[in-house]
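**Student:** no letters, just coordinates:
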């Protein structure tokens, strides 16, 4: 028989703790470890009265630190993690134990159904789904070690590192990289059971759009992304088929600006002449002063016809990678604002006019509002990654709107600031612009959804977003400057400082304390 260790962090859970323990002891565990921290109620007395192993800390340990410390002191073959304020019938916990007994390494609460609910996904769901995509485990969707209950085998704990449980997304990333067998045996609605704590769930400060718990969880996910980038490079190993040397030619441009509005038609997929003519006509009707077609199409007759129609043509004799046409077109354009569009999609004259008009009234970047795509169930990869970037940049009300999608327009002053080369990696360009406090405005039009990426483009698409996040982290810190709340890393530090395999966690602790000095 496997020995079961149940680990329960406890902070002022006296109201529910006795009921929690009653259910837990029905599992006949080898030990129940309660990590009592910062409690001013009877939690310690209740735990001691039930013959629990009591680890007592006078001050709060902060979010998830108790899990790690409880794991360190545990002796069982299976570790089941609970919360002290969630009463879960013991029968519902059995699948998390049996899954490990049957040979799995980790058993997670299956929350995938939350993606099918009739509302837009919460920011935390986006973080979880995006992280699993970046770690190339999309089958896990939003399932994560962030949520309880979950269970871990002793062997899996050794591979993950008990100390990493203090940052659950990082522990999850390490588990995936170790190719551990992660199973989701059961759904338990722990959201309804979660105790409302105003200091974590309600209070929003003036310098963030998020409640404290969101800030902590966002920072934790960024720590996991930071680890992945350190491990596999700024694109986390995702491919990129761009000619970077070619892009580097397009950084700054001193050409005199003579026009007000330039429009760039990015013909990367060889649109027909009919499609091209339609866009040229509508851009003219929207008062574009200059129309430039950047094309990979080597059809000379097509180029001649476009010139005849009044467009400048920049023919490229080979494909040098996705989105580079944007950098080239912007570099050679002369307008004070630059609009980018795709000839394979249908946009009206009115759409283009509204985009230009918004720039005239104070916006720095304008695009068509794509947030309706978030109402799809379940949401796709494109929405997930685009929404993630805006969450990380503390712009959640931008939803999934991104200059990856066409059409959009950018003021020349913004392009000069972020660099023409950045336009070839749209999430990077957006990250630089928003970090430099430029205003991005989505506008409502009849077009609520533009074309989605094909599967073959997913690798580059994810890599582009990881590259943008890598740049963001390089300008902040490995948590993206998001708060760790009152996490007492020092309590973990004291237990791991002599443990060589905890070096990455030690590095994180040093960075945390240095950043907060």
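**Tutor:** Okay, I see it. Everything numeric here is computed off the predicted structure, so don't read it as measured data.
**Student:** what about the strands in the stretch 201-350 of the chain?
**Tutor:** With DSSP state E, counting those that start in this stretch as the criterion, the stretch 201-350 of the chain has strands at 259-267, 290-295, 312-315, 335-341.
**Student:** could you give the angle of the longest one to strand 335-341?
**Tutor:** Read that as strand 259-267. Strand 259-267 and strand 335-341 meet at an angle of 20 degrees, taking axes from the mean of the first three to the mean of the last three Cα atoms, to 10 degrees as the criterion.
**Student:** about what we covered before: out of the strands of the stretch 201-350 of the chain, nearest to residue 93?
**Tutor:** Between residue 93 and the strands of the stretch 201-350 of the chain, the shortest gap by Cβ to Cβ is with strand 335-341, which sits at 53.2 Å. Any C-beta I mention is one placed from the backbone N, CA and C, and that applies to glycine too.
**Student:** neighbouring contacts of the closest one?
**Tutor:** By Cβ atoms under 8 Å, 6 or more residues apart in numbering, the list of residues contacting strand 335-341 from outside reads 257, 259-266, 279, 283, 288-290, 326, 329-330, 347, 352, 355-356, 359, 403, 406-412, 415.
**Student:** check stretch 181-188 too.
**Tutor:** Residues contacting stretch 181-188 (Cβ under 8 Å, 6+ apart): 88, 92, 95-96, 98-99, 103-113, 137, 140, 143, 149, 175-176.
**Student:** I'd assumed residue 71 was in a helix, is it?
**Tutor:** Yes. Judged by DSSP: H, G, I helix; E, B strand; the rest coil, residue 71 forms part of a helix.
**Student:** ok, back up a step: how about the strands of the stretch 201-350 of the chain in a markdown table, adding mean neighbour count?
**Tutor:** Formatted as a markdown table, these follow (neighbours: other Cβ atoms under 10 Å):
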| stretch | mean neighbour count |
| --- | --- |
| strand 259-267 | 24 |
| strand 290-295 | 24 |
| strand 312-315 | 18 |
| strand 335-341 | 23 |
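**Student:** residue 459: which of those is closest?
**Tutor:** strand 259-267 (20.1 Å).
**Student:** show me what counts as buried in stretch 240-253.
**Tutor:** 240, 242, 246-247, 250 (16 or more other Cβ atoms under 10 Å).
**Student:** chain center to it: distance?
**Tutor:** 26 Å (Cα atoms, centre = their mean, to the nearest Å).
**Student:** average pLDDT for that stretch?
**Tutor:** Average pLDDT, stretch 240-253: 85.
**Student:** adjust the sequence numbering to begin at 18 for everything that follows.
**Tutor:** Shifting the count to begin at 18 puts that one at stretch 257-270.
**Student:** which residues sit against that stretch?
**Tutor:** 337-341, 344-345, 347-348, 433, 436-438, 441, 477, 480-481, 484.
**Student:** tell me the centre residue of the chain?
**Tutor:** Residue closest to the mean C-alpha point of the chain, counted by Cα atoms, centre = their mean, is residue 405 at 3.8 Å.
**Student:** which residues does that residue contact?
**Tutor:** 143-144, 147, 482.
**Student:** any regions of the protein where pLDDT drops low?
**Tutor:** Residues of the chain that meet the criterion pLDDT under 70 lie in 18, 212-219, 222, 270-274, 468-473, 515-534.
**Student:** kindly recompute the last result at 50.
**Tutor:** By pLDDT under 50, the low-scoring segments of the chain are 530, 532-534.
**Student:** output the longest helix belonging to this protein.
**Tutor:** helix 229-249 (DSSP state H).
**Student:** before we move on, the earlier item: and the contacts of stretch 198-205, which are buried?
**Tutor:** Buried among the contacts of stretch 198-205 (16+ other Cβ under 10 Å): 105, 112-113, 116, 121-129, 154, 157, 160, 166, 192-193.
**Student:** quick check: the residue of the chain positioned farthest from its centre vs residue 316, distance?
**Tutor:** Largest separation from the mean C-alpha position in the chain: residue 325, at 45.7 Å (Cα atoms, centre = their mean). Applying Cβ to Cβ, to the nearest Å, one obtains 14 Å for the distance of residue 325 from residue 316.
**Student:** try residue 236
**Tutor:** 51 Å.
**Student:** of the two, which one has the most company?
**Tutor:** Legend: neighbour count by other Cβ atoms under 10 Å for residue 236 and residue 316, higher for residue 236 (23 against 13).
**Student:** wait, isn't that one in contact with residue 500?
**Tutor:** Yes. Assessed by Cβ atoms under 8 Å, residue 236 is found in contact with residue 500 at 6.4 Å.
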